[in-house]
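J.: Here is a sequence with its predicted model. Questions after.
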Amino acid sequence: MTTASRFIARMLKNSTPSIGRHSLKLLPRVSSIYGTRFNSTSQPDPDRETGILKTYQVTKADARPVVSEHHEISFDDKKVLIPWEEGKTSYYQHLWLRDHCQCPACRHPETKQRLVNTFDIPRNIKPAGVEGSEAGLKLTWKDGHESVFPWDWLHLHSYAPRLERYLSPQFHLWGSEIENNPPEVNYEEVMASNDGVALWVAKIYKYGFCYVSGVPVTPQATKSLIERIAFIRETHYGGFWDFTADLEKKDMAYTNLALGVHTDTTYFTDPAGLQMFHLLEHSDGSGGQSILVDGFRAAKILREEDPQAYKTLSNVRIPAHASGNPDSSIQPFAPFPVLNHHPSNGELVQIRWNNDDRATMDRWDDLEDVEKFYDAARAWNDILRRQGTEYWEQLRPGRALIFDNWRVLHGRSAFSGKRRLCGGYVNMDDYKSRLRTLCSTRERLLKSL
Ligand SMILES: C[N+](C)(C)CCCC[C@H](N)C(=O)O
Ligand SMILES: O=C(O)CCC(=O)C(=O)O
């Protein structure tokens, strides 16, 4: 231990309270935030009571961010070492600490953007002084600048080692049984408060879809409803759409043909995140039933039943296009696999499946993949079409459906007569931003950045 750390140790012992006895006020648990947020008078909703918003908690520390009272904070030419009560010791390079200074001169107090010029920081920067206090770890740099890092911030952002465990999402995977008790919220509640929106988006996150009951049967009310989550995404179909089988846009959605289960906009680099359908009218005809499939459950079944097929659909890239309209041919910057996973935690995060929009597959990394792909796609399709997988529901005026287009596949049966549907897309990032800000507190969210 350098002499400096003996100096620090002495300071720590003199600082009151001593760092070891420093116990941070526990951040309120999400459930308690959730609990206080959803004091609703409506009928008991299991999701309200069980703290559904906890499902969105992304990481969790195994221990409280308390600095050890048995070991001392030390530092050398390169880094500061902090021993935690839980028995682990984190180190933070001086360059990293200076670059992450949270003071208003280094991080814009309003925009939360970095102000400090990373590249003006000397590569071998070292602090002139290091001390622990109630407020956290305080570094005094040779130019006189002071950085204070709260202990819970340091614990949360510890990278060597990581102290925050990644929590797999607590999705409720469903099959056809979901028809008995599909997730639903009430229009009035959603329109009345952010608490209503929070429950809505938390259900969309947990189940992959959610109905909204009591929606006035007008395009205007439907548009306002979508905008309670975020602004509507403009595409070559327009923004908010109100459509029927007139081929106004050259896509089979604008016909009365049956559509097999698919995810929309596989031809965009960034497929639409949410999609809402609200049936406004269906007269002088029949059919037009909607089908939903939980793609994450179907993928889990495929992985269990046919790991090779799962691997093939996770690797073979599918070219896609939307070229029916004479003035456009939309294609992603690169073909993507059907099953797309998070690059660091490996979770399945996005399904891209629309066999009708698949373009010519003329580029294969491995020619053996040609038949492997068709076998895997057949296995996938067999699971999607299984009775226990399919959830058929007749959309009704006044009951809008919204779903996660990266998880839930949708389709419809053929129909006759005049059928008018309205709705819109929301970007995935805008939906997740709304979910994140409603599921946590601003303070927790900013601390996590
Ligand atoms: C915009 N509106 C919902 C009316 C039609 C969307 C068509 C989507 C297209 N079949 C696809 O799979 O991406
Ligand atoms: O008409 C419907 O019910 C759904 C149409 C559809 O699948 C789509 O627009 O992607």
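T.: Great, that's in hand. Ligands and ions are numbered 1, 2, ... in the order given.
J.: State the distance from L384 to N354.
T.: 12 Å (C-beta to C-beta, to the nearest Å). Every residue, glycine included, has its C-beta placed from N, CA and C.
J.: From one end of stretch 286-296 to the other, what's the distance?
T.: 31 Å (C-alpha to C-alpha, to the nearest Å).
J.: Wondering if it reaches ligand 2 at all.
T.: Yes - for stretch 286-296 and ligand 2, the contact criterion (C-beta under 6 Å from any ligand atom) is met by S290.
J.: Also stretch 318-326?
T.: No - taking C-beta under 6 Å from any ligand atom as the criterion, stretch 318-326 and ligand 2 are apart, separated by no less than 11.1 Å.
J.: Residues touching that stretch, excluding its own?
T.: 236, 249-251, 265-267, 328-332, 335-338, 352, 354, 357-361, 363 (C-beta atoms under 8 Å, 6 or more residues apart in numbering).
J.: for stretch 163-170, same thing?
T.: Under C-beta under 8 Å, 6+ apart, the answer for stretch 163-170 is 54-63, 84, 86, 88, 90, 155-156, 158, 205-206, 345, 347.
J.: Select from the residues you listed every entry located in strands.
T.: In strands, judged by DSSP state E, the following of those are found: 59-61, 90.
J.: What segments of the stretch 51-200 of the chain are strands?
T.: If you assign secondary structure with DSSP state E, counting those that start in this stretch, the strands in the stretch 51-200 of the chain sit at 59-61, 74-75, 79-83, 89-93, 127-133, 136-141, 146-149, 164-166, 184-186.
J.: Among these, single out whichever gets nearest to H108.
T.: Nearest to H108, of all these, is strand 146-149, at 15.8 Å by C-beta to C-beta.
J.: Which strands or helices does the closest one pack on?
T.: Judged by 3 or more C-beta pairs under 8 Å, 6 or more residues apart in numbering; DSSP states H and E, the packing partners of strand 146-149 are helix 94-99, strand 136-141.
J.: now these in CSV, with mean pLDDT, mean neighbour count and distance to ligand 2?
T.: Formatted as CSV, these follow (pLDDT from 0 to 100; neighbours: other C-beta atoms under 10 Å; distance: least, C-beta to the nearest ligand atom, whole Å):
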stretch, mean pLDDT, mean neighbour count, distance to ligand 2
helix 94-99, 98, 20, 45
strand 136-141, 98, 19, 51
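J.: will you turn the ones you listed into JSON lines that also has distance to I121?
T.: Formatted as JSON lines, the helices and strands packed on strand 146-149 follow (distance: least, C-beta to C-beta, whole Å):
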{"stretch": "helix 94-99", "distance to I121": "5"}
{"stretch": "strand 136-141", "distance to I121": "9"}
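J.: what would those look like in CSV with distance to ligand 1?
T.: Listed next are those as CSV, based on distance: least, C-beta to the nearest ligand atom, whole Å:
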stretch, distance to ligand 1
helix 94-99, 42
strand 136-141, 49
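J.: Mind picking out the helix or strand in this structure with the poorest mean pLDDT?
T.: Among the helices and strands of the chain, helix 30-37 carries the lowest confidence by mean pLDDT, DSSP states H and E, at a mean of 32.
J.: immediately after that helix, which helix or strand?
T.: helix 46-49 (DSSP states H and E).
J.: How about the secondary structure of whatever residue of the stretch 251-400 of the chain ends up closest to ligand 2?
T.: At 3.4 Å from ligand 2, A253 is the closest residue in the stretch 251-400 of the chain, using C-beta to the nearest ligand atom. At A253 the chain is in helix, as set by DSSP: H, G, I helix; E, B strand; the rest coil.
J.: need the longest helix for the protein.
T.: Scanning the chain for the helix with the most residues, using DSSP state H, yields helix 369-384.
J.: Show me what that helix is packed against.
T.: Applying 3+ C-beta pairs under 8 Å, 6+ apart, we find helix 369-384 packed against helix 295-305, helix 307-315.
J.: Output the contacting helices and strands for the first one.
T.: What that stands for is helix 295-305. Using 3+ C-beta pairs under 8 Å, 6+ apart, helix 295-305 sits against helix 307-315, strand 348-351, helix 369-384, strand 408-412.
J.: now the ones you listed as a markdown table including mean neighbour count and distance to ligand 2?
T.: What follows is the helices and strands packed on helix 295-305, written out as a markdown table (neighbours: other C-beta atoms under 10 Å; distance: least, C-beta to the nearest ligand atom, whole Å):
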| stretch | mean neighbour count | distance to ligand 2 |
| --- | --- | --- |
| helix 307-315 | 18 | 21 |
| strand 348-351 | 21 | 14 |
| helix 369-384 | 17 | 14 |
| strand 408-412 | 22 | 4 |
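J.: how about the ones you listed, which one is nearest D120?
T.: Between the helices and strands packed on helix 295-305, strand 348-351 lies closest to D120; by C-beta to C-beta that is 37.2 Å.
J.: Mean confidence (pLDDT) on the closest one, please.
T.: Strand 348-351 shows a mean pLDDT of 98 in the predicted model.
J.: Same question for stretch 144-163.
T.: Here the average pLDDT along stretch 144-163 is 97.
J.: what do you get for stretch 46-66?
T.: Here the average pLDDT along stretch 46-66 is 75.
J.: so how far is the first residue of that stretch from its last?
T.: End-to-end distance (C-alpha to C-alpha), stretch 46-66: 35 Å.
J.: likewise stretch 184-203?
T.: Stretch 184-203 has an end-to-end distance of 8 Å (criterion: C-alpha to C-alpha).
J.: same thing with stretch 68-88?
T.: End-to-end for stretch 68-88, by C-alpha to C-alpha: 9 Å.
J.: 460 is where my numbering starts, stick with that
T.: Happy to do that; since the first residue is 460 now, the last one works out to stretch 527-547.
J.: how far does it sit from the chain's center?
T.: Distance of stretch 527-547 from its chain centroid, counting by C-alpha atoms, centre = their mean, to the nearest Å, is 34 Å.
J.: Could you list the domains of the protein?
T.: If you go by automatic domain parsing, the domain ranges for the chain are 467-626, 635-897.
J.: follow-up on the earlier one: intersect the contacts of stretch 777-785 with the contacts of ligand 1.
T.: Among those, ligand 1 is touched by 710, 724, 813, 816 when using C-beta under 6 Å from any ligand atom.
J.: The second one: how many residues sit nearby?
T.: Read that as T724. Burial of T724 is recorded as 25 neighbouring residues (other C-beta atoms under 10 Å).
J.: helix, strand or coil for it?
T.: T724 is classified as coil under three-state DSSP.
J.: is it true that it touches P730?
T.: Yes - the criterion here is C-beta atoms under 8 Å, and T724 meets it with P730 at 4.4 Å.
J.: Mind listing the shared neighbours of those two?
T.: N864.
J.: Please consider this matter closed, and thank you.
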